[in-house]
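Chemist: One predicted model, sequence on top.
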Amino acid sequence: METESQILRRLQRRFMVGACALVPIAPFLYVQGQITRWKIGLLPGAAGQTTGSTAEVGTGDAVKLLVLGESTVAGLGARDHEHALAGRFAHYLSQAISMPVEWSVVGQNGVTARRTINELLPLVPDGKFDYVLLGIGGNDVLKLSSPRKWRRDMLELLALLRKRNDASAIFITNCPMIIESPALPEPIRSLLWELSKMHDKNIREFTHDLDRITYYPQPKAIDSENFFADGIHPSEEGYDRWARAMVEYFSAGHKLWK
């Protein structure tokens, strides 16, 4: 059975071999990426309050949920956070535990795990959270973070979150399903998909034995109809379906509610 270090070395080696093989076409990929970014444009983040409550669901004292991370946390593609990842995840979490959920969002488009440590953690409200949802990974793929860097930054981020919220359950969204993205052209889509799968395998391995930290693994596929707002970020329907699937996975498979 492979040890953690062997798995990481193998992933890092694949990453380096692939990077070297792409050197001759790197200028073409750069130009293609810039054209794609121009065509897609940039959606605004979700409007409205970055805090909310599901007071109408469940009974008893409310539990507190922090949603932290990149553009999906910032709610690109949704009108407000009630209809974006934070609000929908809180809604289904509340149903699963039969208790009200008070949620807070700290999100920013474009952040990697490293930038989340440096830029977003200082913005997290004081106090303890019962649950943390970490929406991260997409930009570490798009910015070509190596498996070694991804693991190092994520473990540091998780340790800092655990230090602030020692008794909380920490959930992590899946690495992006780039292969399903209709806005990305080939060969960029397939190349980024290979890296996303590498990060998925990496984080499955290094979170496996971490206490009360659970990663939602990449699904085999998603029903992309009406899922995307701009071909990359979820629509409001996409956020709802994604949040529901994650809560079902976390509650059914890992019994973290008790």
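Modeler: Ah, there it is.

Chemist: Low-confidence regions, this structure specifically.
Modeler: Scanning the chain for pLDDT under 70 picks out the ranges 1-4, 57-59, 253-258.

Chemist: Which stretches in it count as helices?
Modeler: Taking DSSP state H as the criterion, the chain carries its helices at 4-22, 26-40, 71-74, 85-97, 113-115, 138-142, 147-164, 188-206, 236-254.

Chemist: Mean neighbour count, these: which tops it?
Modeler: Comparing these by mean neighbour count (mean count of other Cβ atoms under 10 Å), helix 71-74 comes out on top with a mean of 27. The C-beta positions use only the backbone N, C-alpha and C, and glycine is treated the same way.

Chemist: which outside residues touch it?
Modeler: Helix 71-74 has contacts (Cβ atoms under 8 Å, 6 or more residues apart in numbering) with 45-46, 67, 84-86, 105-110, 135, 138-139, 173, 233-234, 239.

Chemist: Of all the helices of the chain, which one is nearest Pro182?
Modeler: Nearest to Pro182 among the helices of the chain is helix 188-206 (9.2 Å), distances taken as Cβ to Cβ.

Chemist: by how many degrees do the closest one and helix 4-22 diverge?
Modeler: Counting by axes from the mean of the first three to the mean of the last three Cα atoms, to 10 degrees, helix 188-206 lies at 170 degrees to helix 4-22.

Chemist: follow-up on the earlier one: now, of the contacts of helix 71-74, which are buried?
Modeler: When the contacts of helix 71-74 are checked for burial by 16 or more other Cβ atoms under 10 Å, the buried set is 45-46, 67, 84-86, 105-109, 135, 138-139, 173, 233-234, 239.

Chemist: Dump the helices of the chain to JSON lines, plus distance to Pro122.
Modeler: Below are the helices of the chain laid out as JSON lines (distance: least, Cβ to Cβ, whole Å):
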{"stretch": "helix 4-22", "distance to Pro122": "29"}
{"stretch": "helix 26-40", "distance to Pro122": "28"}
{"stretch": "helix 71-74", "distance to Pro122": "16"}
{"stretch": "helix 85-97", "distance to Pro122": "19"}
{"stretch": "helix 113-115", "distance to Pro122": "12"}
{"stretch": "helix 138-142", "distance to Pro122": "19"}
{"stretch": "helix 147-164", "distance to Pro122": "11"}
{"stretch": "helix 188-206", "distance to Pro122": "24"}
{"stretch": "helix 236-254", "distance to Pro122": "26"}
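
Chemist: among these, which is nearest Phe129?
Modeler: helix 147-164 (8.2 Å).

Chemist: Are there helices or strands packed against the closest one, and which ones?
Modeler: Contact partners of helix 147-164 among helices and strands, from 3 or more Cβ pairs under 8 Å, 6 or more residues apart in numbering; DSSP states H and E: helix 4-22, helix 113-115, strand 131-135, helix 138-142, strand 169-172, helix 188-206.

Chemist: Could I get the contacting residues of Gly127?
Modeler: Lys64.

Chemist: That one and Met154, how far apart?
Modeler: Noted for Gly127: a distance of 24 Å to Met154, by Cβ to Cβ, to the nearest Å.

Chemist: Check Val111 too.
Modeler: To Met154, Val111 is 13 Å away according to Cβ to Cβ.

Chemist: if I look at the two, which residues touch both of them?
Modeler: Ile136.

Chemist: what's near enough to touch Arg162?
Modeler: Ser168, Ile170, Ile213.

Chemist: Put the buried members of the residues you listed into a PyMOL selection.
Modeler: In PyMOL syntax, the buried subset of those is picked out as below (16+ other Cβ under 10 Å):
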select buried, resi 168+170+213
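
Chemist: ok, the contacts of Arg162 vs Leu191, which is closest?
Modeler: Among those, Ile213 lies closest to Leu191 (Cβ to Cβ), at 29.2 Å.
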